[in-house]
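Novice: kindly return the folded structure for what I paste below:
(one chain, ligands or ions: 2)
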Amino acid sequence: MRLSRYFLPVLKETPSEAQIVSHRLMLRAGMIKQASAGIYSWLPLGYRVLRKIETIVHEEQARAGHIPLLMPTLQPADLWQESGRYDAYGPEMLRIRDRHDRDMLYGPTNEEMITDIFRSHVSSYKDLPLTLYHIQWKFRDEVRPRFGVMRGREFLMKDGYNFDLTKEDALHAYNRHLVSYLRTYERMGLQAIPMRADSGPIGGDDTHEFLVLAETGESEVFYDSEITDLKFGDREIDYDSHAQCRAVLEEFTSRYARTDETHDEALFNEVPEARRRTARGIEVGQIFYFGTKYSEPMGAVVQDADGASVPVHMGSHGIGVSRLLGAIIEASHDERGIIWPEGVTPFHCGIVNLKTGDAQADAACEQLYAALRKHGLDPLYDDTDDRAGAKFATMDLIGLPWRITVGPRGLKNGVVELTSRRTGESEEMSPEAAVARVAAIYGVA
Ligand SMILES: Nc1ncnc2c1ncn2[C@@H]1O[C@H](COP(=O)(O)OP(=O)(O)OP(=O)(O)O)[C@@H](O)[C@H]1O
Ligand SMILES: [Mg+2]
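Specialist: Ligands and ions are numbered 1, 2, ... in the order given. Below you'll find the model as predicted:
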């Protein structure tokens, strides 16, 4: 993309309505625009990151063997009357009446709808296990929408639902989701810690929330500091192996880590004092096992091997896709702007032309641009005639992790400059070497 042809409405001033850094930076970097309280348009730069996050989520779901589909945002009220949640959900549910006076709602979650799909099409234990998921907009009429996309009213969520014959199989599905979520967040450059949580209106006994540590997080968290040393890394996991998935769950959940809702002071005090931490965290996901809570009232049953009709064991598992943008920025920024982890950056590399109009500089930038694209990379080339300082400030604000700076002076010696946004360190090298380095960083050399 050439900046002169892009739509990047960056703001010079810090918007006064934004209370936390991620919200401020998303507005300043021209990523989102508020449409009304808690409802946002995703401008091109924000939309690119949102798509990257979605892609990682889809890839990791596929790796775990989960199947994507797409359910609508508007749902009929009768499904929710069947489960008993239509009255239980309260004012967070946006209720709508259509022209035929039918009660509808904008889905805050999809347990009922997926259970309806399941019961319509699956009747034998032979079709299990089955995990279906989608990435779809949700609406929750939050009392206090705030912090930009962190607590929106309309927000994008990945929600997945497992259907299993036995509790044991459903708990395996739970563990499998935990493993796939650990991988998902790490690919986004995040450490998200699974913590024992409260089940809330979804219901059920077993549940963990995934929290990213950040001062601006809305949850108070208590944990054993050893937990932050754990890394999933690039280990290979057989997602069908109950033992392997359970071992990961045990590794990542055996140390004390709880939110204020489930915090137990006596248990916490058993952690050696030097390792006890109290902090704040952002909830970026949650997994639940809830057994037959929906399958029983809604009649989602299968025939087991003996021909008996049994309700399926279920769980649901969510990732806050749009909230993740805020969480990543909270975890990765400095006073000049955002610092995107390579896994989610909207463009892989910036190219700054210090002297647009200079024939040699223009030609070198064009060559870099073409060479990077040949590797399948998306560079953002600042070909405008702004002054150098303004170009650097924009690149720093929007947070591309790598920048190649091209100017007549360097080109005289055959070099350009490659700069890391994270460390600020620059290195001079030939344009070819810069391309090779960036390609290697992204694993496409
Ligand atoms: N209002 C919101 N805005 C943005 N993301 C949200 C919002 N509510 C929930 N999410 C995201 O969706 C994920 C799955 O939804 P879940 O039903 O677990 O939310 P929740 O526990 O009600 O969230 P919270 O406690 O933050 O209100 C959450 O972990 C969170 O990352
Ligand atoms: Mg939750």
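
Novice: only C-alpha atoms for contact and neighbour calcs from this point on.
Specialist: Noted.

Novice: say whether ligand 1 is contacted by stretch 165-182.
Specialist: No. Judged by C-alpha under 6 Å from any ligand atom, stretch 165-182 stays clear of ligand 1, getting no closer than 11.5 Å.

Novice: begin at 485, not 1, for the rest of this chat.
Specialist: In the new numbering, first residue 485, that becomes stretch 649-666.

Novice: report the distance from that stretch to the chain centre.
Specialist: From the chain centre to the centre of stretch 649-666 is a distance of 20 Å (C-alpha atoms, centre = their mean, to the nearest Å).

Novice: can you check stretch 662-674 too?
Specialist: For stretch 662-674 - counting by C-alpha atoms, centre = their mean - the centre lies 9 Å from the chain centre.

Novice: which residues touch that stretch?
Specialist: 537, 540-541, 544-545, 547-548, 675-676, 696, 716-717, 729, 732-733, 771, 812, 815, 825-828 (C-alpha atoms under 8 Å, 6 or more residues apart in numbering).

Novice: again, but for stretch 595-602
Specialist: Counting by C-alpha under 8 Å, 6+ apart, 555, 559, 563-564, 567, 645, 778-779, 782, 784, 800 sit against stretch 595-602.

Novice: in that stretch, what's buried?
Specialist: For stretch 595-602, burial by neighbour count (16 or more other C-alpha atoms under 10 Å) applies to 595-600, 602.

Novice: tell me the mean pLDDT over that stretch?
Specialist: The pLDDT scores in stretch 595-602 average 97.

Novice: so which bits of the stretch 785-929 of the chain are right by ligand 1?
Specialist: 802-804, 807.

Novice: nearest to residue 615, out of those: which one, please.
Specialist: residue 802 (12.8 Å; C-alpha to C-alpha).

Novice: filter the contacts of stretch 662-674 down to the ones in strands?
Specialist: 676, 696, 771 (DSSP state E).

Novice: could you list which of the contacts of stretch 595-602 belong to helices?
Specialist: Among the contacts of stretch 595-602, the ones falling in helices (DSSP state H) are 563-564, 567, 779, 782.

Novice: still on that earlier bit, closest to residue 901 among the residues of the stretch 785-929 of the chain next to ligand 1?
Specialist: Of these, the one sitting nearest to residue 901 (C-alpha to C-alpha) turns out to be residue 807, at 34.5 Å.

Novice: so how far is residue 510 from that closest one?
Specialist: 12 Å (C-alpha to C-alpha, to the nearest Å).

Novice: more neighbours: which of those two?
Specialist: residue 510 (27 against 23; other C-alpha atoms under 10 Å).

Novice: not counting sequence-adjacent ones, nearest residue to that one?
Specialist: residue 516 (6.3 Å; C-alpha to C-alpha, 6 or more residues apart in numbering).

Novice: now do residue 502
Specialist: Nearest to residue 502 is residue 508, by C-alpha to C-alpha, 6+ apart, at 5.2 Å.

Novice: okay, now the one you found: neighbour count?
Specialist: Every residue meeting other C-alpha under 10 Å relative to residue 508 is counted, giving 20.

Novice: one more: residue 485?
Specialist: 15.

Novice: which ones are touching it?
Specialist: Taking C-alpha under 8 Å, 6+ apart, one finds 862-865 in contact with residue 485.

Novice: go with 6 Å
Specialist: Residue 485 is in contact with residue 864, counting by C-alpha atoms under 6 Å, 6 or more residues apart in numbering.

Novice: tell me the confidence at it?
Specialist: For residue 485, the model assigns a pLDDT of 95.

Novice: would you mind measuring from it to ligand 1?
Specialist: 29 Å (C-alpha to the nearest ligand atom, to the nearest Å).

Novice: look up how far residue 517 lies from that residue.
Specialist: 21 Å.

Novice: just residue 809 next, same as before
Specialist: 14 Å.

Novice: so between the two, which is more surrounded?
Specialist: residue 809 (23 against 15).

Novice: reformat the buried residues of stretch 595-602 as JSON lines; add secondary structure.
Specialist: Listed next are the buried residues of stretch 595-602 as JSON lines, based on DSSP: H, G, I helix; E, B strand; the rest coil:
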{"residue": "595", "secondary structure": "helix"}
{"residue": "596", "secondary structure": "helix"}
{"residue": "597", "secondary structure": "helix"}
{"residue": "598", "secondary structure": "helix"}
{"residue": "599", "secondary structure": "helix"}
{"residue": "600", "secondary structure": "helix"}
{"residue": "602", "secondary structure": "helix"}
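
Novice: which of these sits closest to residue 858?
Specialist: When the buried residues of stretch 595-602 are compared against residue 858 (criterion: C-alpha to C-alpha), the nearest one is residue 598, at 42.3 Å.

Novice: ok, what's across the strand from residue 679?
Specialist: residue 693 (DSSP bridges).

Novice: can you pull the contacts of it?
Specialist: 692-693, 741-742.

Novice: same thing but 7 Å
Specialist: Residue 679 makes contact with 692-694, 741-743, according to C-alpha atoms under 7 Å, 6 or more residues apart in numbering.

Novice: all helices for the stretch 785-929 of the chain, in order.
Specialist: 805-815, 843-858, 872-882, 892-896, 915-925 (DSSP state H, counting those that start in this stretch).

Novice: most tightly surrounded among the ones you listed?
Specialist: helix 805-815 (a mean of 24; mean count of other C-alpha atoms under 10 Å).

Novice: quick one on the thing from earlier: same list, the ones in strands among the contacts of stretch 662-674, but only the ones touching ligand 1.
Specialist: Within these, nothing lies near ligand 1 by C-alpha under 6 Å from any ligand atom.

Novice: from those residues, which is closest to ligand 1?
Specialist: Distances from ligand 1 to the ones in strands among the contacts of stretch 662-674, taken as C-alpha to the nearest ligand atom, are shortest for residue 771 (7.5 Å).

Novice: now residue 901. Nearest residue, chain neighbours left out?
Specialist: residue 912 is the one closest to residue 901 (C-alpha to C-alpha, 6+ apart), at 4.5 Å.

Novice: residue 897 is in contact with that neighbour, correct?
Specialist: No. With contact defined as C-alpha atoms under 7 Å, residue 912 does not reach residue 897; the gap is 10.0 Å.

Novice: neighbour count for the two, which is higher?
Specialist: residue 912 (17 against 11).

Novice: pLDDT value on that one, please?
Specialist: 98.

Novice: what's it in contact with, if anything?
Specialist: Residue 912 neighbours (C-alpha under 7 Å, 6+ apart): 899-902.
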